[in-house]
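[1] Here is my input; please provide its structure:
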Amino acid sequence: MLTERQQGQLDEAITKLETALLTRADAATYFTFADVLARKGELTTDLPSESQLVRRAIAYYREALRVDWDGQLESKINKALSALQSPGAR
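    Predicted coordinates for the structure are as follows:
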């Protein structure tokens with residue numbers, strides 16, 4: 001369960017990363033944003049919110065994979081996607 005402070009920090013990180021994606025849409029930013037969404041999904045106790053956060057994280061991981069032209073993040077992205085998509089992981 002998140003404390004108010006932790007919730008605020010995650011929300012602030014999400015807001016900053018969304019803003020960063022407007023100006024700099026690279027694989028590392030998408031990957032970091034997906035990680036924050038996945039982490040928030042892990043910590044939430046509200047199942048509908050968790051599902052929405054996980055779906056968003058998966059979409060951003062996939063986008064990171066799409067724009068990772070040099071393949072530097074490919075293994076990290078695939079590992080994160082596998083963890084989110086495997087049955088029983090959530």
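[2] ok, and what's touching stretch 46-65?
    27-28, 30-31, 33-35, 37-38, 40-42, 44, 73-74, 77-78, 80-81, 84-85, 90 (C-beta atoms under 8 Å, 6 or more residues apart in numbering). From N, CA and C alone the C-beta is placed, and that goes for glycine too.
[3] For that stretch, buried residues please.
    Using 16 or more other C-beta atoms under 10 Å as the test for burial, stretch 46-65 gives 50, 53-54, 56-58, 60-61, 63-65.
[4] can I get the residues you listed in JSON lines with pLDDT and secondary structure?
    JSON lines is the format used below for the buried residues of stretch 46-65 (pLDDT from 0 to 100; DSSP: H, G, I helix; E, B strand; the rest coil):
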{"residue": "50", "pLDDT": "85", "secondary structure": "helix"}
{"residue": "53", "pLDDT": "91", "secondary structure": "helix"}
{"residue": "54", "pLDDT": "92", "secondary structure": "helix"}
{"residue": "56", "pLDDT": "93", "secondary structure": "helix"}
{"residue": "57", "pLDDT": "95", "secondary structure": "helix"}
{"residue": "58", "pLDDT": "95", "secondary structure": "helix"}
{"residue": "60", "pLDDT": "95", "secondary structure": "helix"}
{"residue": "61", "pLDDT": "96", "secondary structure": "helix"}
{"residue": "63", "pLDDT": "95", "secondary structure": "helix"}
{"residue": "64", "pLDDT": "96", "secondary structure": "helix"}
{"residue": "65", "pLDDT": "95", "secondary structure": "helix"}
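[5] quick one: which of those is nearest residue 16?
    residue 60 (14.4 Å; C-beta to C-beta).
[6] Name the nearest residue to the closest one, sequence neighbours excluded.
    Once flanking residues are discounted, residue 60 sits nearest to residue 34: 3.7 Å by C-beta to C-beta, 6 or more residues apart in numbering.
[7] can you tell me the helix or strand for that neighbour?
    For residue 34, the host element (DSSP states H and E) is helix 27-43.
[8] So which bits of that helix are buried?
    So for helix 27-43, counting by 16+ other C-beta under 10 Å, buried means 27, 29-38, 40-41.
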